[in-house]
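Student: Pasting the sequence and the predicted coordinates here, then a few questions.
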Amino acid sequence: MKKIIDDWLIYFDNPKKIDKSHFFTLFSEGLSDSEIKVVLEKFPNSDLLFENLENVKSIATNKDILNSSKEELIELVKKDIKEKIKACQLIGENQFVEQLKKLKYYFIEDNNEFDSMVLDNENYIFSNFISNVSFFVDSKRKYKYEAFYGLEEAIYCYTNDYQLTWHIMSPLISDDINFNYYYDFINRGGDYVIYKEGIYVIKCIR
């Protein structure tokens, strides 16, 4: 078994002994299924965590992307946003929720236009959206294990996507919010950004 697994077991039992940054590359170390299960086994619902992680790992090879219409993608985004609006409401961000509810949905096909929206430093609506849901995840999660943070950082460093990270970790977060719609959406080749006057959806090419 790799040393990083032994280190993780020490960290889980006593997080003060090892900094969580030590595990940033945990899921990029070529771990076997059995080693990943050792990492997850001390958490509740470890079987669901493993299943979610494996599903996300398989996204790159999924072929359903060719069979998803723009209508299906927009519908999944609407469901995902609706769930995350609930998260914002649960932390008292009612004014922000009203702002989100007024936005319309648009499907675009221009990758350059979409990328410019994602990279726009003035795009405070999307950054606030991520920040608010992140606060919900941190403050309302079901299980208060300190190692939650180490696992969250390790998964985020693997996915580079907070929303996929929340999907993977959803068995530890909340029964009130369904984080699975985002995975279904991404798995079908979609991406979206909340930008000023609307929510823009695009179909990516892998």
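Tutor: Happy to help now that I have it.
Student: burial count for residue 124?
Tutor: Other residues within reach of residue 124, judged by other C-beta atoms under 10 Å, total 12. Just so you know, the C-beta spots here come from the backbone N, C-alpha and C atoms, and that holds for glycine as well.
Student: now it: how far from residue 131?
Tutor: Counting by C-beta to C-beta, to the nearest Å, the gap between residue 124 and residue 131 amounts to 10 Å.
Student: same deal with residue 104?
Tutor: The spacing between residue 104 and residue 131, counted by C-beta to C-beta, is 23 Å.
Student: quick one: which of these two has more around it?
Tutor: Set residue 104 next to residue 131 and count neighbours by other C-beta under 10 Å: residue 131 wins out with 14 against 8.
Student: and that one, what pLDDT?
Tutor: Per-residue confidence for residue 131 comes out at a pLDDT of 96.
Student: Could you number the chain from 820 rather than 1 from now on?
Tutor: From this message on, residue numbering opens at 820, which makes the last subject residue 950.
Student: Secondary structure element for it, which one?
Tutor: helix 943-959 (DSSP states H and E).
Student: can you list the residues that contact that helix?
Tutor: The set of residues that contact helix 943-959 without belonging to it, under C-beta atoms under 8 Å, 6 or more residues apart in numbering, is 903, 906-907, 909-910, 912, 915, 918-919, 937, 981-982, 985, 988, 992-993, 995-996, 1012-1015.
Student: Please repeat the previous calculation with a cut-off of 6 Å.
Tutor: Under the contact criterion C-beta atoms under 6 Å, 6 or more residues apart in numbering, helix 943-959 has outside partners 903, 906-907, 910, 912, 981, 985, 992-993, 1012-1013.
Student: same check, this time on stretch 968-980
Tutor: Under C-beta under 6 Å, 6+ apart, the answer for stretch 968-980 is 830, 839, 842-843, 845-846, 984, 987.
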